[in-house]
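J.: Pasted the sequence and its predicted model underneath.
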Amino acid sequence: MLQRVNEMRGINKGLLDELKTSQTVVAELRCRVSDAERKLLEDKLRERAWEKKRMAWTEEKEELIAELKHHKEATSVSRADMVTLYTDWVIAMEDNQKLAQERHWLISQGFRLFLSVAS
């Protein structure tokens with residue numbers, strides 16, 4: 001019977017050692033799971049931060065595009081406006097040429113006629 005008790009103690013000790021080993025493995029696995037969960041959470045946080053930056057850059061890009069379109073519209077001249085401006089310029093040039101011709105005639109011919117009438 002003493003031998004049986006010793007055998008049972010040996011079996012019990014072996015089982016306790018296996019239990020301690022199993023508990024150590026479980027604790028290590030729990031640590032690994034905790035680390036993996038923490039890393040996953042960190043990755044999600046980084047992805048959210050990156051997504052916020054990307055959205056901000058997208059909004060800024062859209063604002064710049066809108067500003068550029070507005071600037072183009074404000075500074076561009078339509079074809080109809082160009083035709084009007086060119087027509088006005090041609091009329092002004094023709095008027096200037098007529099005025100120059102009249103001035104030349106007044107100086108060259110008109111003054112002579114005045115002198116001949118006055119004498």
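T.: That came in fine, so what should we check first? Everything quoted here is computed from the prediction, not taken from an experiment.

J.: which residues in this protein form helices?
T.: 2-75, 79-105, 111-118 (DSSP state H).

J.: From the chain's centroid, how far away is the second one?
T.: Think helix 79-105. Distance, stretch centre to chain centre, for helix 79-105: 47 Å (Cα atoms, centre = their mean, to the nearest Å).

J.: Also the first one?
T.: Computed by Cα atoms, centre = their mean, the separation of helix 2-75 from the middle of its chain amounts to 31 Å.

J.: Which neighbouring elements make contact with it?
T.: Applying 3 or more Cβ pairs under 8 Å, 6 or more residues apart in numbering; DSSP states H and E, one finds that helix 2-75 contacts no other helix or strand. C-beta coordinates here come from the backbone N, C-alpha and C atoms, glycine included.

J.: pLDDT averaged over it, what's the number?
T.: Averaged over helix 2-75, pLDDT sits at 90.

J.: Nearest residue to the middle of this structure?
T.: Lys61 (2.5 Å; Cα atoms, centre = their mean).

J.: Could you check how far that residue is from Asn6?
T.: Separation of Lys61 from Asn6 (Cβ to Cβ, to the nearest Å) stands at 81 Å.

J.: how about stretch 80-98 as PDB, C-alpha atoms only?
T.: Included here for stretch 80-98 are C-alpha records, laid out as PDB according to Å, rounded to 0.1, in the frame of the first residue of the first chain:
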ATOM      1  CA  ALA A  80     -17.500  87.400 -78.000                       C
ATOM      2  CA  ASP A  81     -15.700  89.800 -75.600                       C
ATOM      3  CA  MET A  82     -12.600  89.600 -77.800                       C
ATOM      4  CA  VAL A  83     -14.600  90.400 -80.900                       C
ATOM      5  CA  THR A  84     -16.200  93.400 -79.100                       C
ATOM      6  CA  LEU A  85     -12.800  94.600 -77.800                       C
ATOM      7  CA  TYR A  86     -11.200  94.200 -81.300                       C
ATOM      8  CA  THR A  87     -14.100  96.000 -83.000                       C
ATOM      9  CA  ASP A  88     -13.900  98.900 -80.400                       C
ATOM     10  CA  TRP A  89     -10.100  99.100 -81.000                       C
ATOM     11  CA  VAL A  90     -10.600  99.200 -84.800                       C
ATOM     12  CA  ILE A  91     -13.200 101.900 -84.500                       C
ATOM     13  CA  ALA A  92     -10.900 103.900 -82.200                       C
ATOM     14  CA  MET A  93      -8.000 103.500 -84.600                       C
ATOM     15  CA  GLU A  94     -10.200 104.600 -87.600                       C
ATOM     16  CA  ASP A  95     -11.400 107.600 -85.600                       C
ATOM     17  CA  ASN A  96      -7.800 108.500 -84.700                       C
ATOM     18  CA  GLN A  97      -6.800 108.200 -88.400                       C
ATOM     19  CA  LYS A  98      -9.700 110.400 -89.400                       C
END
